[in-house]
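S.K.: For reference, the sequence and a predicted model appear below.
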Amino acid sequence: MGDQDGFLVYTWALKDGRTVAAGEWVFAGQYDHDRGGRDAKDDRYTVTATASGRERAVGGAFAAHRGDEGDS
């Protein structure tokens, strides 16, 4: 984990000679913040990967979930 140009960056790298099986994978992140609402309208994510010499990328924004508004 580190900071690059104002972005929080997590990097995972496989050990030499290791592979990941083809398929659909789910990554999750979580952080703590004060109780109550948190405006995530400016939060974004980008995932990049390289496989067989080709880079792939996906990205987007975070949607609010019921109860995230601090009403619980």
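M.R.: Received it, and whenever you're ready, just let me know what you need.

S.K.: Please count neighbours and contacts with C-alpha atoms only from this point.
M.R.: Will do.

S.K.: Where does the prediction get shaky in the protein?
M.R.: 64-72 (pLDDT under 70).

S.K.: Who are the contact partners of the most centrally placed residue in it?
M.R.: Residue closest to the mean C-alpha point of the chain, counted by Cα atoms, centre = their mean, is Y45 at 5.3 Å. Y45 makes contact with G59, G60, A61, F62, according to Cα atoms under 8 Å, 6 or more residues apart in numbering.

S.K.: Now do the same contact list for the second one.
M.R.: Pointing back at G60 there. Residues near G60 by Cα under 8 Å, 6+ apart: R44, Y45, T46.

S.K.: just to revisit the earlier point, now for the contacts of Y45: which two are most distant?
M.R.: Put simply, by Cα to Cα the two of the contacts of Y45 set farthest apart are G59 and F62, 10.0 Å from each other.

S.K.: Need the overlap of contacts for these two.
M.R.: Among the neighbours of G59, those also in contact with F62 (Cα under 8 Å, 6+ apart) are R44, Y45.

S.K.: Need the contacts of G60 in CSV (columns: distance to E55 and secondary structure).
M.R.: Converted to CSV, those look like this (distance: Cα to Cα, whole Å; DSSP: H, G, I helix; E, B strand; the rest coil):
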residue, distance to E55, secondary structure
R44, 20, strand
Y45, 17, strand
T46, 13, strand
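
S.K.: What sits closest to R44 if chain neighbours are left out?
M.R.: A61 (4.5 Å; Cα to Cα, 6 or more residues apart in numbering).
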